[in-house]
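1. After the sequence you'll find the predicted model.
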Amino acid sequence: MLEKYSVRTDLALEEKERFESDNVEISGVVLEEEYDKEREIRITRVKVETENGAKTMGKPVGVYLTMEAPNMAVPDEDYHREVSVKLSGYIQELIEGRSLDTDDLSVLVVGLGNRQVTPDALGPYVADNLCVTRHIVKEYGKYAMGMEHARLVSAIVPGVMGQTGMETLEIVKGVVEETKPDLVIAIDALAARNTRRLNRTIQIADTGIHPGSGVGNHRNGLTKESVGVPVIGIGVPTVVDAATIANDTMENLIDALESSDILKGVGDVLRTYNSAEKYELVKELISPHLNGMFVTPKDEDELVKQISYTISEALNMLFTNKEEG
(Lines give C-alpha, C1' and ligand atoms only; values in the text may rest on other atoms or scores of the structure.)
Protein backbone atom coordinates (compact mmCIF):
# COMPACT_ATOMS: atom_id res chain seq x y z
CA MET A 1 0.00 0.00 0.00
CA LEU A 2 2.79 2.41 0.95
CA GLU A 3 4.37 2.31 -2.50
CA LYS A 4 1.18 3.67 -4.07
CA TYR A 5 0.73 6.28 -1.36
CA SER A 6 1.56 9.73 -2.71
CA VAL A 7 0.51 12.79 -0.74
CA ARG A 8 0.65 15.89 -2.89
CA THR A 9 3.65 17.81 -1.53
CA ASP A 10 6.78 19.47 -2.88
CA LEU A 11 8.45 19.70 0.53
CA ALA A 12 11.21 17.17 1.25
CA LEU A 13 10.56 17.75 4.96
CA GLU A 14 6.99 16.50 4.58
CA GLU A 15 8.12 13.43 2.63
CA LYS A 16 10.45 12.59 5.52
CA GLU A 17 7.68 13.18 8.08
CA ARG A 18 5.36 10.86 6.17
CA PHE A 19 7.71 7.93 6.56
CA GLU A 20 8.41 8.76 10.21
CA SER A 21 4.67 8.74 10.99
CA ASP A 22 4.49 5.21 9.61
CA ASN A 23 7.67 4.23 11.48
CA VAL A 24 9.56 3.61 8.25
CA GLU A 25 13.31 4.25 8.49
CA ILE A 26 14.97 5.64 5.35
CA SER A 27 18.62 4.74 4.82
CA GLY A 28 20.68 7.38 3.08
CA VAL A 29 18.55 10.29 4.34
CA VAL A 30 19.80 12.52 7.18
CA LEU A 31 17.62 15.01 9.06
CA GLU A 32 19.13 17.95 10.98
CA GLU A 33 17.12 20.54 12.91
CA GLU A 34 17.83 23.85 14.60
CA TYR A 35 15.48 26.36 16.22
CA ASP A 36 15.82 30.11 16.61
CA LYS A 37 13.71 30.60 19.73
CA GLU A 38 13.86 34.41 19.65
CA ARG A 39 12.46 34.67 16.10
CA GLU A 40 10.48 31.41 16.24
CA ILE A 41 12.14 30.11 13.09
CA ARG A 42 12.73 26.38 12.68
CA ILE A 43 15.36 25.29 10.16
CA THR A 44 15.37 21.71 8.92
CA ARG A 45 17.99 20.20 6.62
CA VAL A 46 17.05 17.03 4.79
CA LYS A 47 20.13 15.55 3.16
CA VAL A 48 19.44 12.85 0.59
CA GLU A 49 22.84 11.18 0.37
CA THR A 50 22.28 7.96 -1.59
CA GLU A 51 20.38 6.84 -4.68
CA ASN A 52 18.38 4.43 -2.50
CA GLY A 53 17.31 7.33 -0.29
CA ALA A 54 16.46 9.39 -3.37
CA LYS A 55 14.27 6.61 -4.77
CA THR A 56 12.42 6.16 -1.48
CA MET A 57 11.88 9.89 -0.96
CA GLY A 58 11.07 10.61 -4.60
CA LYS A 59 13.61 13.48 -4.45
CA PRO A 60 17.03 13.73 -6.16
CA VAL A 61 20.24 13.42 -4.15
CA GLY A 62 21.03 16.78 -2.57
CA VAL A 63 20.33 19.17 0.30
CA TYR A 64 16.83 20.46 1.06
CA LEU A 65 16.74 23.28 3.57
CA THR A 66 13.37 24.32 4.99
CA MET A 67 12.66 27.48 6.99
CA GLU A 68 9.42 27.44 8.97
CA ALA A 69 8.33 30.79 10.42
CA PRO A 70 4.70 30.96 11.63
CA ASN A 71 4.87 34.77 11.84
CA MET A 72 5.78 35.07 8.15
CA ALA A 73 2.08 35.48 7.40
CA VAL A 74 1.99 38.61 9.60
CA PRO A 75 2.72 41.97 7.90
CA ASP A 76 5.65 42.87 10.17
CA GLU A 77 8.44 44.50 8.13
CA ASP A 78 11.09 44.10 10.83
CA TYR A 79 10.35 40.40 11.18
CA HIS A 80 10.43 39.88 7.43
CA ARG A 81 13.78 41.69 7.28
CA GLU A 82 15.16 39.20 9.84
CA VAL A 83 13.81 36.31 7.75
CA SER A 84 15.48 37.82 4.66
CA VAL A 85 18.83 38.01 6.46
CA LYS A 86 18.62 34.36 7.52
CA LEU A 87 17.42 33.26 4.08
CA SER A 88 20.31 35.11 2.45
CA GLY A 89 22.77 33.20 4.62
CA TYR A 90 21.26 29.83 3.78
CA ILE A 91 21.27 30.53 0.04
CA GLN A 92 24.95 31.44 0.33
CA GLU A 93 25.55 28.17 2.19
CA LEU A 94 24.13 26.17 -0.72
CA ILE A 95 26.09 28.23 -3.27
CA GLU A 96 29.33 27.59 -1.40
CA GLY A 97 28.36 23.91 -1.19
CA ARG A 98 28.43 23.93 -4.99
CA SER A 99 32.04 25.24 -4.87
CA LEU A 100 31.11 28.47 -6.64
CA ASP A 101 33.01 31.72 -6.11
CA THR A 102 30.48 34.05 -4.48
CA ASP A 103 32.62 37.18 -5.05
CA ASP A 104 32.40 37.40 -8.85
CA LEU A 105 29.31 35.39 -9.63
CA SER A 106 26.95 35.63 -12.57
CA VAL A 107 23.42 34.68 -11.54
CA LEU A 108 20.26 34.21 -13.58
CA VAL A 109 17.10 34.39 -11.46
CA VAL A 110 14.11 32.64 -13.04
CA GLY A 111 10.66 33.65 -11.77
CA LEU A 112 8.52 30.62 -12.54
CA GLY A 113 4.75 30.71 -12.61
CA ASN A 114 1.80 32.63 -13.99
CA ARG A 115 1.38 36.18 -12.67
CA GLN A 116 -2.30 36.06 -13.75
CA VAL A 117 -3.01 33.33 -11.18
CA THR A 118 -2.43 34.65 -7.65
CA PRO A 119 -1.14 31.50 -5.90
CA ASP A 120 1.23 30.92 -8.84
CA ALA A 121 2.56 34.49 -9.06
CA LEU A 122 5.38 34.13 -6.50
CA GLY A 123 8.18 33.75 -9.05
CA PRO A 124 7.19 36.73 -11.24
CA TYR A 125 6.72 38.93 -8.15
CA VAL A 126 10.22 38.06 -6.87
CA ALA A 127 11.71 38.95 -10.26
CA ASP A 128 9.85 42.30 -10.20
CA ASN A 129 11.58 43.33 -6.96
CA LEU A 130 15.10 42.19 -7.85
CA CYS A 131 17.98 44.59 -8.24
CA VAL A 132 19.34 43.46 -11.62
CA THR A 133 22.91 44.54 -12.35
CA ARG A 134 24.19 42.61 -15.36
CA HIS A 135 23.49 45.38 -17.85
CA ILE A 136 25.18 48.02 -15.67
CA VAL A 137 28.33 45.96 -15.07
CA LYS A 138 28.52 44.98 -18.74
CA GLU A 139 28.21 48.61 -19.82
CA TYR A 140 30.23 50.48 -17.21
CA GLY A 141 32.30 47.87 -15.35
CA LYS A 142 32.06 46.56 -11.80
CA TYR A 143 33.19 49.83 -10.21
CA ALA A 144 29.99 51.45 -11.44
CA MET A 145 28.27 49.42 -8.73
CA GLY A 146 30.51 50.99 -6.09
CA MET A 147 31.94 47.68 -4.90
CA GLU A 148 35.13 45.72 -5.36
CA HIS A 149 33.41 42.51 -6.40
CA ALA A 150 30.47 42.78 -8.80
CA ARG A 151 27.96 39.98 -9.03
CA LEU A 152 26.06 39.97 -12.30
CA VAL A 153 22.35 39.52 -11.62
CA SER A 154 19.89 39.03 -14.45
CA ALA A 155 16.26 37.90 -14.31
CA ILE A 156 13.66 36.34 -16.55
CA VAL A 157 9.97 35.50 -16.17
CA PRO A 158 9.39 32.79 -18.81
CA GLY A 159 5.65 32.45 -18.19
CA VAL A 160 3.86 29.11 -18.53
CA MET A 161 3.34 26.87 -21.53
CA GLY A 162 -0.27 28.00 -21.94
CA GLN A 163 0.99 31.55 -22.51
CA THR A 164 4.10 30.93 -24.60
CA GLY A 165 3.61 27.53 -26.25
CA MET A 166 7.11 26.63 -25.08
CA GLU A 167 8.47 24.52 -22.24
CA THR A 168 10.01 26.62 -19.48
CA LEU A 169 13.15 24.52 -19.84
CA GLU A 170 13.45 25.43 -23.53
CA ILE A 171 13.34 29.15 -22.74
CA VAL A 172 15.71 29.00 -19.76
CA LYS A 173 18.17 26.74 -21.57
CA GLY A 174 18.33 29.17 -24.50
CA VAL A 175 18.95 32.13 -22.17
CA VAL A 176 21.64 30.20 -20.27
CA GLU A 177 23.45 29.28 -23.49
CA GLU A 178 23.39 32.92 -24.61
CA THR A 179 24.24 34.71 -21.32
CA LYS A 180 26.37 31.98 -19.70
CA PRO A 181 25.58 32.51 -15.99
CA ASP A 182 27.48 30.54 -13.31
CA LEU A 183 24.28 29.76 -11.44
CA VAL A 184 20.51 29.68 -11.95
CA ILE A 185 18.16 30.41 -9.07
CA ALA A 186 14.58 29.35 -9.83
CA ILE A 187 11.66 30.53 -7.69
CA ASP A 188 8.30 28.79 -7.79
CA ALA A 189 5.11 28.28 -5.81
CA LEU A 190 4.77 24.82 -4.23
CA ALA A 191 2.08 22.55 -2.83
CA ALA A 192 2.17 21.49 0.83
CA ARG A 193 0.81 18.53 2.74
CA ASN A 194 -0.01 20.59 5.82
CA THR A 195 -2.20 23.70 5.74
CA ARG A 196 -0.24 25.38 8.56
CA ARG A 197 2.81 25.57 6.27
CA LEU A 198 1.08 27.67 3.61
CA ASN A 199 2.95 30.97 3.12
CA ARG A 200 4.92 30.28 6.31
CA THR A 201 7.59 28.00 4.88
CA ILE A 202 10.46 28.51 2.45
CA GLN A 203 12.30 25.55 0.93
CA ILE A 204 15.73 25.96 -0.66
CA ALA A 205 17.23 23.03 -2.57
CA ASP A 206 20.50 22.60 -4.47
CA THR A 207 18.88 20.06 -6.80
CA GLY A 208 16.88 22.47 -8.96
CA ILE A 209 13.11 22.63 -9.34
CA HIS A 210 10.29 21.02 -11.33
CA PRO A 211 7.73 23.61 -12.53
CA GLY A 212 4.09 22.63 -12.01
CA SER A 213 4.83 19.44 -10.05
CA GLY A 214 2.88 20.63 -7.00
CA VAL A 215 -0.44 20.60 -8.88
CA GLY A 216 0.31 17.44 -10.83
CA ASN A 217 1.25 19.36 -13.98
CA HIS A 218 4.63 17.74 -14.56
CA ARG A 219 7.00 19.69 -16.79
CA ASN A 220 10.68 19.14 -17.53
CA GLY A 221 12.74 20.06 -14.48
CA LEU A 222 15.31 22.84 -14.25
CA THR A 223 18.40 20.97 -13.00
CA LYS A 224 22.14 21.09 -13.55
CA GLU A 225 21.80 18.15 -15.94
CA SER A 226 19.10 19.80 -18.07
CA VAL A 227 20.28 23.43 -17.98
CA GLY A 228 24.07 22.95 -17.92
CA VAL A 229 24.85 25.02 -14.79
CA PRO A 230 24.00 24.48 -11.09
CA VAL A 231 20.38 25.30 -10.20
CA ILE A 232 19.14 26.30 -6.76
CA GLY A 233 15.38 26.07 -6.29
CA ILE A 234 13.50 28.33 -3.87
CA GLY A 235 9.85 27.56 -3.23
CA VAL A 236 6.99 28.56 -0.97
CA PRO A 237 3.88 26.40 -0.54
CA THR A 238 0.80 28.40 -1.53
CA VAL A 239 -1.76 25.61 -2.13
CA VAL A 240 -2.97 22.32 -0.68
CA ASP A 241 -5.16 19.80 -2.46
CA ALA A 242 -8.71 19.04 -1.30
CA ALA A 243 -7.79 15.51 -0.21
CA THR A 244 -5.26 16.94 2.23
CA ILE A 245 -7.86 19.17 3.91
CA ALA A 246 -10.35 16.29 4.08
CA ASN A 247 -7.63 14.06 5.52
CA ASP A 248 -6.83 16.62 8.24
CA THR A 249 -10.56 16.87 9.01
CA MET A 250 -10.70 13.08 9.32
CA GLU A 251 -7.85 13.14 11.87
CA ASN A 252 -9.81 15.68 13.95
CA LEU A 253 -12.92 13.54 13.63
CA ILE A 254 -11.05 10.47 14.90
CA ASP A 255 -9.82 12.45 17.91
CA ALA A 256 -13.39 13.60 18.62
CA LEU A 257 -14.77 10.05 18.28
CA GLU A 258 -12.19 8.65 20.67
CA SER A 259 -13.24 11.13 23.34
CA SER A 260 -16.89 10.05 23.01
CA ASP A 261 -18.09 7.15 25.18
CA ILE A 262 -20.73 6.10 22.62
CA LEU A 263 -18.65 6.38 19.43
CA LYS A 264 -15.24 5.45 20.87
CA GLY A 265 -15.28 2.11 19.04
CA VAL A 266 -15.62 3.82 15.64
CA GLY A 267 -12.64 6.02 16.41
CA ASP A 268 -10.60 3.00 17.49
CA VAL A 269 -11.33 1.24 14.19
CA LEU A 270 -10.31 4.26 12.10
CA ARG A 271 -7.18 4.68 14.21
CA THR A 272 -5.98 1.25 13.04
CA TYR A 273 -5.63 2.67 9.50
CA ASN A 274 -2.14 3.90 8.70
CA SER A 275 -1.56 7.30 7.05
CA ALA A 276 -1.54 5.78 3.56
CA GLU A 277 -4.84 3.96 4.06
CA LYS A 278 -6.53 7.04 5.53
CA TYR A 279 -5.40 9.20 2.64
CA GLU A 280 -6.57 6.66 0.04
CA LEU A 281 -9.95 6.38 1.82
CA VAL A 282 -10.36 10.15 1.75
CA LYS A 283 -9.48 10.30 -1.97
CA GLU A 284 -12.12 7.67 -2.73
CA LEU A 285 -14.76 9.51 -0.68
CA ILE A 286 -14.25 12.90 -2.33
CA SER A 287 -13.73 11.70 -5.91
CA PRO A 288 -14.44 12.56 -8.61
CA HIS A 289 -15.66 16.11 -7.97
CA LEU A 290 -13.05 17.40 -5.51
CA ASN A 291 -10.11 15.15 -6.35
CA GLY A 292 -8.34 17.68 -8.58
CA MET A 293 -9.19 20.75 -6.54
CA PHE A 294 -6.47 22.90 -4.95
CA VAL A 295 -7.19 25.36 -2.18
CA THR A 296 -5.45 28.57 -1.16
CA PRO A 297 -6.08 31.10 1.68
CA LYS A 298 -8.55 33.93 0.99
CA ASP A 299 -5.86 36.61 1.54
CA GLU A 300 -3.36 34.88 -0.76
CA ASP A 301 -2.88 37.99 -2.92
CA GLU A 302 -1.40 39.97 -0.01
CA LEU A 303 0.55 37.00 1.37
CA VAL A 304 2.22 36.25 -1.97
CA LYS A 305 3.29 39.88 -2.43
CA GLN A 306 4.64 39.97 1.11
CA ILE A 307 6.69 36.78 0.94
CA SER A 308 7.94 37.51 -2.59
CA TYR A 309 9.37 40.77 -1.30
CA THR A 310 11.05 38.88 1.57
CA ILE A 311 12.74 36.50 -0.91
CA SER A 312 13.78 39.24 -3.36
CA GLU A 313 15.24 41.27 -0.49
CA ALA A 314 17.30 38.24 0.61
CA LEU A 315 18.67 37.90 -2.94
CA ASN A 316 19.39 41.64 -3.13
CA MET A 317 21.29 41.46 0.17
CA LEU A 318 23.33 38.50 -1.04
CA PHE A 319 24.20 39.61 -4.55
CA THR A 320 24.20 43.42 -4.53
CA ASN A 321 24.77 44.21 -0.82
CA LYS A 322 21.66 46.32 -1.14
CA GLU A 323 18.81 46.48 1.35
CA GLU A 324 15.63 48.08 0.20
CA GLY A 325 14.62 51.02 2.38
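-> Yep, that arrived.
2. how about the strands in the stretch 51-200 of the chain?
-> Applying DSSP state E, counting those that start in this stretch to the stretch 51-200 of the chain gives strands spanning 62-68, 106-111, 152-156, 183-191.
3. so can I have a markdown table of these showing mean neighbour count?
-> In this view, the C-beta of every residue, glycine as well, is placed from N, C-alpha and C. As requested, the strands of the stretch 51-200 of the chain are exported to a markdown table (neighbours: other Cβ atoms under 10 Å):
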| stretch | mean neighbour count |
| --- | --- |
| strand 62-68 | 22 |
| strand 106-111 | 25 |
| strand 152-156 | 21 |
| strand 183-191 | 26 |
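4. closest to Ile204 out of the ones you listed?
-> strand 62-68 (4.7 Å; Cβ to Cβ).
5. Okay, now the sheet partners of that closest one, with direction.
-> Strands adjacent to strand 62-68 in the sheet, as given by DSSP bridges, are strand 41-48 (antiparallel), strand 201-205 (antiparallel).
6. mean pLDDT lowest for which of the ones you listed?
-> For the strands paired with strand 62-68, mean pLDDT drops lowest on strand 41-48, to a mean of 87.
7. quick one: it to chain centroid distance?
-> What separates the centre of strand 41-48 from the centre of its chain is 13 Å, taken as Cα atoms, centre = their mean, to the nearest Å.
8. Identify all contacting residues around that strand.
-> For strand 41-48, the surrounding residues in contact (Cβ atoms under 8 Å, 6 or more residues apart in numbering) are 12-13, 15-16, 28-36, 54, 57, 59-69, 83, 86, 90.
9. what about 6 Å?
-> 12-13, 16, 29-35, 54, 57, 59, 61-69 (Cβ atoms under 6 Å, 6 or more residues apart in numbering).
10. Columns mean pLDDT and distance to Thr201 on top of the strands of the stretch 51-200 of the chain, output as JSON lines?
-> Listed next are the strands of the stretch 51-200 of the chain as JSON lines, based on pLDDT from 0 to 100; distance: least, Cβ to Cβ, whole Å:
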{"stretch": "strand 62-68", "mean pLDDT": "90", "distance to Thr201": "5"}
{"stretch": "strand 106-111", "mean pLDDT": "95", "distance to Thr201": "19"}
{"stretch": "strand 152-156", "mean pLDDT": "94", "distance to Thr201": "23"}
{"stretch": "strand 183-191", "mean pLDDT": "93", "distance to Thr201": "9"}
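11. which sections of the stretch 1-150 of the chain are below the confidence cut-off?
-> 1-25, 101-103, 142-150 (pLDDT under 70).
12. Would you map the helices across the protein?
-> With helices called from DSSP state H, the chain shows them at 12-21, 51-57, 77-97, 122-128, 134-140, 161-164, 168-179, 224-227, 242-258, 264-271, 275-286, 300-320.
13. Centre of the chain to the last one, how far?
-> Between the mean C-alpha location of helix 300-320 and the chain-wide mean there is a distance of 14 Å, by Cα atoms, centre = their mean.
14. packing partners for that helix?
-> helix 77-97, helix 122-128 (3 or more Cβ pairs under 6 Å, 6 or more residues apart in numbering; DSSP states H and E).
15. before we move on, the earlier item: which of the strands paired with strand 62-68 sits most buried?
-> strand 201-205 (a mean of 25; mean count of other Cβ atoms under 10 Å).
16. okay if I get the strands paired with strand 62-68 as CSV plus distance to Phe294?
-> Formatted as CSV, the strands paired with strand 62-68 follow (distance: least, Cβ to Cβ, whole Å):
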stretch, distance to Phe294
strand 41-48, 24
strand 201-205, 17
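17. Wait, Gly28 touches Glu49, no?
-> Yes - taking contacts as Cβ atoms under 6 Å, Gly28 lies within contact range of Glu49: 5.1 Å.
18. Could you measure from Gly28 over to Pro230?
-> As judged by Cβ to Cβ, to the nearest Å, Gly28 and Pro230 stand 22 Å apart.
19. Comparing those two, which residue is more hemmed in?
-> Neighbour tally, Gly28 and Pro230, criterion other Cβ atoms under 10 Å: the higher count belongs to Pro230, 21 against 16.
20. Contacts only, for that one.
-> 98, 183, 224.
21. what sits against the last one?
-> Read that as Lys224. Lys224 neighbours (Cβ under 6 Å, 6+ apart): 230-231.
22. same question, the first one
-> Counting by Cβ under 6 Å, 6+ apart, Arg98 makes contact with Pro230.
23. what's the pLDDT at Val157?
-> 95.
24. What is the burial count for it?
-> 20.
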